[in-house]
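# here is the input, now give the coordinates:
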Amino acid sequence: MSVEYKKVNIKNINIFYREAGNRRNPTILLLHGFPSSSHMYRNLIPKLMDEYHIIAPDYPGFGNSDQPKMDEFEYTFDSLALLINEFVEKLKLEKFSIYVHDYGAPVGFRLATKHPERIQAIITQNGNAYEEGLLSAWD
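Sure, this is the predicted structure:
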């Protein structure tokens with residue numbers, strides 16, 4: 001088995017992602033932190049792909065995804081979550097676990113809130129789960 005490197009177009013934005021493992025296995029969506037990309041999971045993916053189906057996207061403006069201009073895409077957690085939700089739907093991921101790191105937590109938690117029926121588990125690493133914790137970082 002190997003890691004595949006793919007792109008899918010969501011709202012005229014090419015989203016790069018890594019995919020590995022068998023789709024019949026439980027899926028884990030790896031949501032990266034800041035200022036990183038799916039590349040941060042390059043050592044984790046091979047360790048998980050025998051037992052899980054792994055999807056690791058790059059957000060717009062990160063890694064190998066398109067970087068739309070500021071007037072073309074609103075770089076907020078809400079916008080990123082909406083886009084990743086469409087990404088999940090385009091890939092036809094009906095049930096999955098999310099692994100969220102840092103910046104990926106506000107994105108992943110919004111996915112979980114919007115569609116709790118899809119989420120099997122939440123794995124968090126240094127993820128911010130409260131609004132007050134975000135304010136000073138963005139002032």
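# where does Glu5 land in three-state SS?
Rather than Glu, residue 5 is Tyr. Following DSSP: H, G, I helix; E, B strand; the rest coil, the label given to Tyr5 is strand.
# could you verify my assumption that it touches Ile15?
No: counting by Cβ atoms under 8 Å, Ile15 is not a contact partner of Tyr5; they are 12.0 Å apart. Every residue, glycine included, has its C-beta placed from N, CA and C.
# looking at those two, which has the bigger crowd around it?
Ile15 (25 against 11; other Cβ atoms under 10 Å).
# what kind of secondary structure is the closest residue to the more buried one other than its chain neighbours in?
Spatial nearest neighbour of Ile15, excluding adjacent residues (Cβ to Cβ, 6 or more residues apart in numbering): Ser65 at 5.0 Å. Under three-state DSSP, the three-state class of Ser65 is coil.
# try Phe109
Going by three-state DSSP: Phe109 is helix.
# likewise for the one 3 residues further on?
Three-state secondary structure (criterion: three-state DSSP) places Ala112 in helix.
# from Ile84, how far out is it?
Computed as Cβ to Cβ, to the nearest Å, the Ala112 to Ile84 distance reads 11 Å.
# that concludes my questions; thank you for your assistance.
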